[in-house]
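S.K.: Sequence first, predicted coordinates after that:
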Amino acid sequence: MRRVGHVLLACLVALVLVLTGFWAAAAWRETETADRLAPATGRFVETRRGRIFVQEAGPADGRPVLLVHGTAAWSELWRPSLDDLGGRGFRVVAIDLPPFGFSDRDPAGDYGRPAQAERLLALLDALGLRAPTIVAHSIGAAPVVEAAIRAPERVGALVLVCGALGLRDGPVAESGSPARSLLAIAALRDPLVAATLTNPLLTRALFSRLVAKPDGLTDPVIATLQRPMRLRGSTPALGRWLHDLLGPERDAESARPDRYGAARMPTALIWGEKDAVTPLAQGERARALFPDATLAVLPGLGHVPQVEDPAAFRDALDAALARVAQR
C-alpha cells in the first residue's frame, strides 16, 4: 500500500508540475494589448458595457445582420459570411463577445447570460441597429435568446446555428455542479484553462472534437482561432467565463423553456446532422419551443458547419435569412 501511495503522490506532483508549466507558458505568451493585436479590419465601439470589437461589411443602409460566434471563437471566424453578405447588400456586423476575441473583459468577470444580453443590446444602441436579424452560433445563442426574450422589440429575427441553449428542466441547483465548485478556486482553474482552452498546442485537437468533417480545420482557420491567445489576461478571463457557464443561472430567462413564448420574432434554426455537442434532438426541441421557428438540417455536418462545409452553410444561411424576412 505504501508503494501505491508513493506512486500516486509522484503522479500528483507530476500533474502539478505540468499544469504549472502550462500556466507559466500562458503568462509568458499573453502579453499583447487588444489595441495592438486586434486586426485592422475591425474597430472598437464604445458602449455602456465597455468597448466591443466589431468587424463590418456592406452598406450602412442595408438590411442589418449581427453575427455572434461560439465558444473560443471570435468575429473573424465569420469572415466568409461577413464578406459574402456584405457584398450582396446586407449591413453585416460580426461581434467579439467577451471574454473571447478583443472586446473589453468585464471588470467583475460577469459573463452570465443576462450580462451578455445587456452587452448585445448596448452594442445595438451604440451602432443604431434597429431590429436586426441576429445569427448566433453554439454558446453565442444563449445570450442572444436572452436578449430576444427580455427585449423582443429590439430583435427583428433569429437564426440559431447549433445553438447551445442550456435549457433547464426542474428546480435550480443551489451551487451548480461539483466542477463549478472546483473552478471557483482561481489557483486551480487557471492552470487547467492554460493547459486546454488557451493552449495553442491543443487548438486543432480540441476543435476536431466539435466537427464531423475535420478537413475544414485548415491552417488559416487554426491560426485565426489562436490569435487572441496572445492577449493579456486571456487565461484568467476564460476561467471566469467557464465558471459562469457551469453555474445555475438563476436569473437567465433563456434557460427556462416556458419563457420561449416571449421570443415571437421569426426564427430559423440550422443544425448539423452529426452534431455531437448539441445533438439534433436539441434543435428539434428548440423548434418546438419557439412560436415561429423552422429547422434546417445539414447532412453529414457537425457542430461548426460554417467551417466544415462553407458552401453548404452559405446556402442554408441564405435560405434562413430569406425565410425570416418573409414571415
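M.R.: Thanks, I have it.

S.K.: show me what contacts the residue nearest the centre of the chain?
M.R.: With distances taken as Cα atoms, centre = their mean, Gly70 lies nearest the centre of the chain, 2.2 Å away. By Cβ atoms under 8 Å, 6 or more residues apart in numbering, the residues touching Gly70 are 137-141, 162, 164, 304. Any C-beta I mention is one placed from the backbone N, CA and C, and that applies to glycine too.

S.K.: try 6 Å
M.R.: 137-140 (Cβ atoms under 6 Å, 6 or more residues apart in numbering).

S.K.: Need the nearest residue in space to it, chain neighbours excluded.
M.R.: Nearest residue to Gly70, sequence neighbours excluded (Cβ to Cβ, 6 or more residues apart in numbering): Ser138, at 2.7 Å.

S.K.: Was I right to think that neighbour contacts Ala164?
M.R.: Yes. Proximity of Ser138 to Ala164 meets the contact threshold set by Cβ atoms under 6 Å, at 5.0 Å.

S.K.: Just confirm the residue nearest to the centre of the chain is within a strand.
M.R.: No. Counting by DSSP: H, G, I helix; E, B strand; the rest coil, Gly70 is not found in a strand; it is coil.

S.K.: Give me the contact list for the biggest strand by length in the chain.
M.R.: When the chain is parsed with DSSP state E, its longest strand is strand 50-57. Applying Cβ under 6 Å, 6+ apart, the external contacts of strand 50-57 come out as 38, 41-42, 44-45, 75, 82-83, 86, 92-96, 101-104, 123.

S.K.: now the residues you listed: which count as buried?
M.R.: 38, 42, 44-45, 75, 82, 86, 92-96, 101-104, 123 (16 or more other Cβ atoms under 10 Å).

S.K.: what's the burial count for Pro228?
M.R.: Around Pro228 there are 25 other residues, counting by other Cβ atoms under 10 Å.

S.K.: Tell me which of Ser138 and Ala164 has more neighbours.
M.R.: Neighbours were counted for Ser138 and for Ala164 using other Cβ under 10 Å; Ser138 has more, 23 against 20.

S.K.: any weak-confidence spans in the stretch 101-250 of the chain?
M.R.: 170-186, 248 (pLDDT under 70).

S.K.: Fine by me, we can end here.
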